[in-house]
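**Q** I'll drop the sequence and a predicted model, then ask my questions.
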Amino acid sequence: MSDCVEVHVTAGSREEADQICSAVVERRLAACAQVVAPIASTYWWEGEVQRSDEWLLFMKTTSDRFDDLAAHVRGLHSYEVPEIVAVPLVAGTADYLEWIKRETNSGPGE
């Protein structure tokens, strides 16, 4: 198993999704970020079932960078309780996994 993860975040607008993606990549908190949109979400919120269109973000990073990435996303996000979850990458090509590690190990503030 690698120490790389894919982080999933949902956003309420394409603009918010793009802003979050740009910010985490520019700060090297993620090697890349992708937006899949729109998705139809159904969820419990404030005691009721809600439905809304959201934009799904996929971000590749290392498990060591997750906490910093999550904190940065939370600071940019409009939701009171944003979805920020990491899924381990159990396998991947060696060159791609090394690229994720390399691109998240250096950059502004490092």
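**A** Everything's here; your move.

**Q** the strands in this protein, which residues?
**A** Secondary structure of the chain (DSSP state E): strands located at 4-11, 32-45, 48-62, 84-88.

**Q** And the third one, what does it pack against?
**A** By that I understand strand 48-62. strand 4-11, helix 14-26, strand 32-45, helix 94-103 (3 or more Cβ pairs under 8 Å, 6 or more residues apart in numbering; DSSP states H and E). In this view, the C-beta of every residue, glycine as well, is placed from N, C-alpha and C.

**Q** Select, out of these, the one closest to Leu57.
**A** strand 4-11 (4.3 Å; Cβ to Cβ).

**Q** That closest one vs helix 14-26, what angle?
**A** Put simply, strand 4-11 runs at 150 degrees to helix 14-26, going by axes from the mean of the first three to the mean of the last three Cα atoms, to 10 degrees.

**Q** Okay, now the sheet partners of strand 4-11, with direction.
**A** strand 48-62 (antiparallel), strand 84-88 (antiparallel) (DSSP bridges).

**Q** Tell me the buried residues in the longest one?
**A** By neighbour count, with 16 or more other Cβ atoms under 10 Å as the criterion, the buried positions of strand 48-62 are 54-62.

**Q** which non-adjacent residue is nearest Asp64?
**A** The shortest distance from Asp64 to any non-neighbouring residue, by Cβ to Cβ, 6 or more residues apart in numbering, is to Asp3 (7.0 Å).

**Q** Enumerate every residue touching Val36.
**A** Neighbouring residues of Val36 by Cβ atoms under 8 Å, 6 or more residues apart in numbering: 55-58.

**Q** Which of the residues you listed sits closest to Leu69?
**A** If you rank the contacts of Val36 by distance to Leu69 using Cβ to Cβ, Leu57 comes first, at 11.0 Å.

**Q** Quick check, the closest one in contact with Val9.
**A** Yes. Look at Leu57 against Val9 with Cβ atoms under 8 Å: they come within range, at 4.3 Å.

**Q** Could you name every residue contacting both of these two?
**A** Taking Cβ under 8 Å, 6+ apart as the criterion, Leu57 and Val9 both touch Ile20.

**Q** returning to that earlier point: determine which stretch of the helices and strands packed on strand 48-62 is the most buried.
**A** The highest mean neighbour count among the helices and strands packed on strand 48-62, using mean count of other Cβ atoms under 10 Å, belongs to strand 4-11: a mean of 22.
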